[in-house]
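Undergrad: Attaching a predicted model along with its sequence, questions to come.
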Amino acid sequence: MTIYGAVEGGGTKFNCLVARDKDDILAEIRIPTTNPQETMAAVVAFFDEFEQSHEERIAAIGVACFGPVDLNLSSATYGCITTTPKPGWAGAPILPPLQARFNVPMAFEVDVNGAAIGEHRWGVAQGLTDFVYYTIGTGIGGGAMVNGNMLHGLMHTEMGHQMMPPLPGEAYAGYCPFHGHCLEGVATGPAMKDYWGMPAEDLAPDHPAWEREAEYLAIAMHNTVCMLSPQRIILGGGVMNQLHLFPMIREKTLRRLNGYIQRPEILDEIEQFIVPPGLGNYAGMLGALAMAMGAFEAD
Ligand code: ADP
Ligand code: ZN
């Protein structure tokens, strides 16, 4: 049976696995994110050692990495990180070290698109052709499937950097080094900590922080519904572990849309329209696996 490699590249760790399928994982490793050379050498070594010790070949590899990344197949820097503020990682080659060692089909995506692909194959986006996946964690990413394909365009979407109008009475400049008061600048874990003076996970459920958080995320939902007309929106990431946010975001989204979008999916069934990921914290890693399977099938 075919064996696949998967890499979920994050700012703190690179999760790698070798698997035959979602429920048939053969090997797994977490590599701390240090510098690009050391980190990618460890990723290559993991797959190398698997092949040596099992005498089996990996048939395809999927890589979903933090970004922004270059997804343009005809670009000289395809498979590399572009402008990250993460020290040492701007321009870092992610796919090239794997391509240099393994001559198999590969798929490369920005992390949130990988998670979306995982949800499409096995999670709450099965059967959909148009949906959006947001992750709200250390940063905010948003990826869209449009007509059955992840939306790439020039590179990939950067929905975390949509601008946010300040809520009434709020004079906060915002936490994003590029845009100040964008979604990432007001609603990530670190932005919440900056605004409220304590980590998001320590804020009590009745703290006003959640009302503000839900309000900004509802503005993002409004923008997303109006701009991409998705059939569903998935909200994942560390901050969304606060499940009480979901009913608040749904109610505020309905209020903000104000009856304008006359679709039962929104007006009557918003509980199924704005949802948590079906794969939980595994969406990214399983997404990379789904990408590897897709690359093999397409080859
Ligand atoms: P990353 O984005 O680094 O991949 P996460 O999605 O776990 O990882 O996001 C981490 C951020 O989410 C941190 O800023 C943290 O404060 C916040 N966070 C993690 N767990 C919770 C929680 N249970 N409640 C609120 N915020 C959380
Ligand atoms: Zn920004």
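TA: Ah, there it is. Ligands and ions are numbered 1, 2, ... in the order given.

Undergrad: Find the nearest non-adjacent residue to residue 257, please.
TA: Sequence neighbours aside, residue 222 is the residue nearest to residue 257 in space, at 5.8 Å (criterion: CB to CB, 6 or more residues apart in numbering). No exception for glycine: its C-beta is placed from N, CA and C like everyone else's.

Undergrad: a helix runs through the one you found, doesn't it?
TA: Yes - applying DSSP: H, G, I helix; E, B strand; the rest coil, one finds residue 222 inside a helix.

Undergrad: Can you give me the distance of it to residue 187?
TA: As judged by CB to CB, to the nearest Å, residue 222 and residue 187 stand 14 Å apart.

Undergrad: if I pick the residue nearest in space to the middle of the chain, what's in contact with it?
TA: Geometric centre of the chain, nearest residue: residue 112, 1.9 Å, by CA atoms, centre = their mean. Residue 112 is in contact with 133, 134, 135, 141, 142, 143, counting by CB atoms under 8 Å, 6 or more residues apart in numbering.

Undergrad: change it to 7 Å
TA: 133, 135, 141, 142, 143 (CB atoms under 7 Å, 6 or more residues apart in numbering).

Undergrad: Next: residue 293.
TA: residue 4.

Undergrad: Tell me the buried residues in the secondary structure element (helix or strand) that residue 297 belongs to?
TA: Taking DSSP states H and E as the definition, residue 297 sits inside helix 283-298. For helix 283-298, the neighbour count (16 or more other CB atoms under 10 Å) marks 283-296 as buried.

Undergrad: Now render those residues as a markdown table, adding distance to residue 87 and pLDDT.
TA: Shown next, in a markdown table, are the buried residues of helix 283-298 (distance: CB to CB, whole Å; pLDDT from 0 to 100):
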| residue | distance to residue 87 | pLDDT |
| --- | --- | --- |
| 283 | 27 | 90 |
| 284 | 22 | 92 |
| 285 | 25 | 95 |
| 286 | 29 | 97 |
| 287 | 26 | 97 |
| 288 | 24 | 98 |
| 289 | 30 | 98 |
| 290 | 31 | 98 |
| 291 | 28 | 98 |
| 292 | 30 | 98 |
| 293 | 34 | 98 |
| 294 | 33 | 97 |
| 295 | 31 | 97 |
| 296 | 35 | 98 |
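
Undergrad: just those that are near ligand 1?
TA: Among the buried residues of helix 283-298, none lies close to ligand 1 by the criterion of CB under 6 Å from any ligand atom.
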